[in-house]
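Trainee: how would this look folded up:
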Amino acid sequence: MESNVISLEWHGDALVVVAAGGVESLRWEIVEQAADIVLEPIREQKAPMVVFDLSRVSYFGSVFMALLVRCHKLVRIRGGVMVLCGVHRLARDLLHTTALDTLWAIYDTREEALESIGA
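Mentor: Modelled structure (predicted):
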């Protein structure tokens, strides 16, 4: 997986998925690899707490949205919580248009997001 797409950071028990500008052009061929990187640590957690930090991304398309939904489903099944932070206006508009903004709380900063999930 290209390092300019997704990286993972741990803050206590919370997994922070940091998306970079590369997600703007994420292709379907790569989404499985990205999903494996993100989903593996979620599968290992009893009640995963996940923050998607999108502060380095101004926009994304359906491929990345599919990855978000896939992560959301796994987190929910495992009794966890997933939130977003740092979502730029264009991406926020897209999430609103698709009604995906109703699935996740959206915070301005990573600190607010981590605090909201008790991390």
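Trainee: so which helix or strand takes in the residue at the greatest distance from the centre of the chain?
Mentor: Ranked by distance from the centre of the chain (C-alpha atoms, centre = their mean), the top residue is E29, with 18.7 Å. In the assignment (DSSP states H and E), E29 maps to helix 28-43.
Trainee: going on from that helix, what's the next piece of helix or strand?
Mentor: Downstream of helix 28-43 (by DSSP H and E), the next one is strand 49-53.
Trainee: average pLDDT across that following strand?
Mentor: Model confidence over strand 49-53, given as mean pLDDT, is 97.
Trainee: Next, the angle helix 28-43 makes with that strand.
Mentor: Angle of strand 49-53 versus helix 28-43, following axes from the mean of the first three to the mean of the last three C-alpha atoms, to 10 degrees, is 140 degrees.
Trainee: Can you name every helix or strand that the helix or strand just after strand 49-53 contacts?
Mentor: Next in sequence after strand 49-53, counting helices and strands by DSSP H and E, comes helix 62-77. If contacts are counted by 3 or more C-beta pairs under 8 Å, 6 or more residues apart in numbering; DSSP states H and E, helix 62-77 sits against helix 28-43, strand 49-53, strand 81-85. For every residue, glycine as well, the C-beta is placed using N, CA and C.
Trainee: mind checking how far helix 62-77 is from the chain centre?
Mentor: Offset of helix 62-77 from its chain centre (C-alpha atoms, centre = their mean, to the nearest Å): 8 Å.
Trainee: repeat for stretch 81-90
Mentor: With C-alpha atoms, centre = their mean, you get 8 Å for stretch 81-90.
Trainee: tell me the angle of the lowest-mean-pLDDT helix or strand in the chain relative to helix 62-77?
Mentor: Ranked by mean pLDDT, DSSP states H and E, the weakest helix or strand in the chain is helix 28-43, scoring a mean of 85. If you take the same axes, to 10 degrees, helix 28-43 sits at 20 degrees to helix 62-77.
Trainee: Please spell out which residues along helix 28-43 are buried.
Mentor: 30-31, 34-35, 38-39, 42 (16 or more other C-beta atoms under 10 Å).
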